[in-house]
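Enquirer: Curious how this folds, go ahead:
(one chain, ligands or ions: 2)
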Amino acid sequence: MMSSNSLFQRLAKWCPWLLRDEPKKPVKVLVTGAAGQIGYAIVAMIARGLMLGADQPVVLHLLDLPVAANALNGVRMELIDAALPLLRGVVATSDEAEAFKGVNVAIVIGGWPRRDGMERKDLISKNVTIYKSQASALHQHAAPNCKVLVVANPANTNALVLKEFAPAIPAKNITCLTRLDHNRALGQVAEKLNVHVGDVKNAIIWGNHSSTQFPDASHATVSTDRGERPVRELIADEIWLREEFVTDVQQRGAAVIKARKQSSSLSAASAACDHMRDWILGTPKGTWVSMGVYSDGSYGVPEGVFFSFPVTCEKGEWSVVQGLEIDDFARSKMETSATELKEEKSIAYEFL
Ligand SMILES: NC(=O)c1ccc[n+]([C@@H]2O[C@H](COP(=O)([O-])OP(=O)(O)OC[C@H]3O[C@@H](n4cnc5c(N)ncnc54)[C@H](O)[C@@H]3O)[C@@H](O)[C@H]2O)c1
Ligand SMILES: O=C(O)C[C@H](O)C(=O)O
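Expert: Ligands and ions are numbered 1, 2, ... in the order given. Coordinates of the predicted model:
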């Protein structure tokens, strides 16, 4: 006998409007450090559909430390007050097990941010122990196919700790945020050429989310009335591309801290939404983005570290863009960042 489900599918083939109003099941999204700056900026973006799509209901799981419980409750109250139709529930807690329970997406922001004058390496000892504990909660309580984005610094090395200590989650499901740097690179090119940032694409951030990253505009293009044109040709200033552009993107986080006395939050939250949306819903045809992923040795990058690569995404899977030409200048910059990541890894292991 035909099941009611398959009868429905056959009917829907002839009457497609039957499918139109089928409600999507809510996705459980965890935000750690949700009472902090980025947390405060990102929760409304997620509940407005900027991360998972305008038709995707969500249940938000918010985690922060017990000392931040009042502030976290305030965030919960504001989410209710915002009357967001996609928001189907809020779990606000300082209990890691409750926070990670059954989550499909985890945006891991909780940790200690860098202050003026600090380098990311200074953060390692403070943050890796937090990440070991959260890895255990991820391993035990998250949905097995949970997709994880680490924002908290040192982002690449925190992602490595999650990968090492949450073996239930596939390594491909753990990523870290370099999309902010990628977006900064697009922004710098757009300002230089006085074009709309939406017309610039295919910059690359190679390496660590730190001042050793290599922002690379040598494969980027701009959409013009005369079709796609290489940024290199339009800027025609190799010194700017190799020096000023690279330094400005590498140092942008520090420049924002100097100006605001706090690290980037609005742009970080927006980039985290971009990262997750493209990963889950796919990158537009002909466009790649930068993501920190577990290195498979592509482009001669050592395995065993999280490294930012150009990737395209389809059906919820990312793949590293292959076959790009790497000149000696790019190669040496990539090696510098890979060396820093190996050093961060060994420092982190001293504290684990
Ligand atoms: N990858 C990037 O592009 C990028 C960009 C900006 C900031 N960051 C990093 O993101 C992180 C958060 O930045 P922020 O400005 O929101 O900082 P913040 O200090 O405003 O917020 C951090 C929050 O994390 C909470 N927290 C600390 N330990 C925790 C734990 N064990 N479990 C749960 N919550 C915990 C704190 O109580 C606080 O509410 C920092 O590490 C910062 O350096 C990364
Ligand atoms: O630079 C920082 O410490 C904050 C953040 O990682 C950023 O890039 O803005």
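Enquirer: need the contact list for S270.
Expert: A41, M45, L50, N183 (CB atoms under 8 Å, 6 or more residues apart in numbering). Glycine gets a C-beta too; all of them are placed from N, C-alpha and C.
Enquirer: Now with 6 Å, please.
Expert: Residues counted as contacts of S270 (CB atoms under 6 Å, 6 or more residues apart in numbering): none.
Enquirer: where does it sit relative to ligand 1, distance-wise?
Expert: S270 sits at a distance of 11 Å from ligand 1 (criterion: CB to the nearest ligand atom, to the nearest Å).
Enquirer: How about S265?
Expert: 5 Å.
Enquirer: Next: R88.
Expert: The gap separating R88 from ligand 1 is 23 Å, by CB to the nearest ligand atom.
Enquirer: what residues does the helix or strand hosting that residue touch?
Expert: If you go by DSSP states H and E, R88 is part of strand 87-93. By CB under 6 Å, 6+ apart, the residues outside strand 87-93 that reach it are P26, A47, P57, V59, L60, H61, L62, L72, R76, L79, A99.
Enquirer: I'd like to know which of those residues are buried.
Expert: P26, A47, P57, V59, L60, H61, L62, L72, R76, L79, A99 (16 or more other CB atoms under 10 Å).
Enquirer: Report the two of these separated the most.
Expert: P57 and L72 (21.7 Å; CB to CB).
Enquirer: re earlier: adding secondary structure, write the buried ones among the contacts of strand 87-93 out as a markdown table.
Expert: Listed next are the buried ones among the contacts of strand 87-93 as a markdown table, based on DSSP: H, G, I helix; E, B strand; the rest coil:
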| residue | secondary structure |
| --- | --- |
| P26 | coil |
| A47 | helix |
| P57 | coil |
| V59 | strand |
| L60 | strand |
| H61 | strand |
| L62 | strand |
| L72 | helix |
| R76 | helix |
| L79 | helix |
| A99 | helix |
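Enquirer: Alpha carbons of stretch 295-308, in PDB - could you do that?
Expert: Listed in PDB are the C-alpha atoms of stretch 295-308, where the atom choice follows Å, rounded to 0.1, in the frame of the first residue of the first chain:
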ATOM      1  CA  SER A 295      44.300  21.900   5.400                       C
ATOM      2  CA  ASP A 296      44.400  19.000   3.000                       C
ATOM      3  CA  GLY A 297      47.800  20.000   1.700                       C
ATOM      4  CA  SER A 298      46.400  22.000  -1.300                       C
ATOM      5  CA  TYR A 299      48.900  24.600  -2.700                       C
ATOM      6  CA  GLY A 300      51.700  22.900  -0.600                       C
ATOM      7  CA  VAL A 301      50.200  24.200   2.700                       C
ATOM      8  CA  PRO A 302      51.100  21.900   5.500                       C
ATOM      9  CA  GLU A 303      48.400  19.500   6.700                       C
ATOM     10  CA  GLY A 304      47.400  19.600  10.400                       C
ATOM     11  CA  VAL A 305      46.500  23.400  10.600                       C
ATOM     12  CA  PHE A 306      43.400  25.400   9.900                       C
ATOM     13  CA  PHE A 307      44.400  27.700   6.900                       C
ATOM     14  CA  SER A 308      42.400  30.200   5.000                       C
END
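Enquirer: Can you get me a residue count around whichever residue of the stretch 101-250 of the chain sits closest to ligand 2?
Expert: At 3.5 Å from ligand 2, R114 is the closest residue in the stretch 101-250 of the chain, using CB to the nearest ligand atom. Around R114 there are 17 other residues, counting by other CB atoms under 10 Å.
Enquirer: now it, what's its secondary structure?
Expert: Strictly by three-state DSSP, R114 counts as coil.
Enquirer: Which strand or helix spans the closest residue to ligand 2 within the stretch 201-350 of the chain?
Expert: The nearest approach of the stretch 201-350 of the chain to ligand 2 comes at G253, 2.4 Å away (CB to the nearest ligand atom). Following DSSP H and E, one finds G253 within helix 252-260.
Enquirer: Which helix or strand lies directly C-terminal to that helix?
Expert: Next element after helix 252-260 (DSSP H and E): helix 266-281.
Enquirer: for the record, mean pLDDT for the lengthiest helix in the chain?
Expert: Taking DSSP state H as the criterion, the chain has its longest helix at helix 328-351. Helix 328-351 shows a mean pLDDT of 96.
Enquirer: for stretch 227-243, same thing?
Expert: On average, stretch 227-243 scores 98.
Enquirer: and it, how far apart are its ends?
Expert: Distance across stretch 227-243, first residue to last, is 28 Å (CA to CA, to the nearest Å).
Enquirer: count of residues packed around E244?
Expert: 13.
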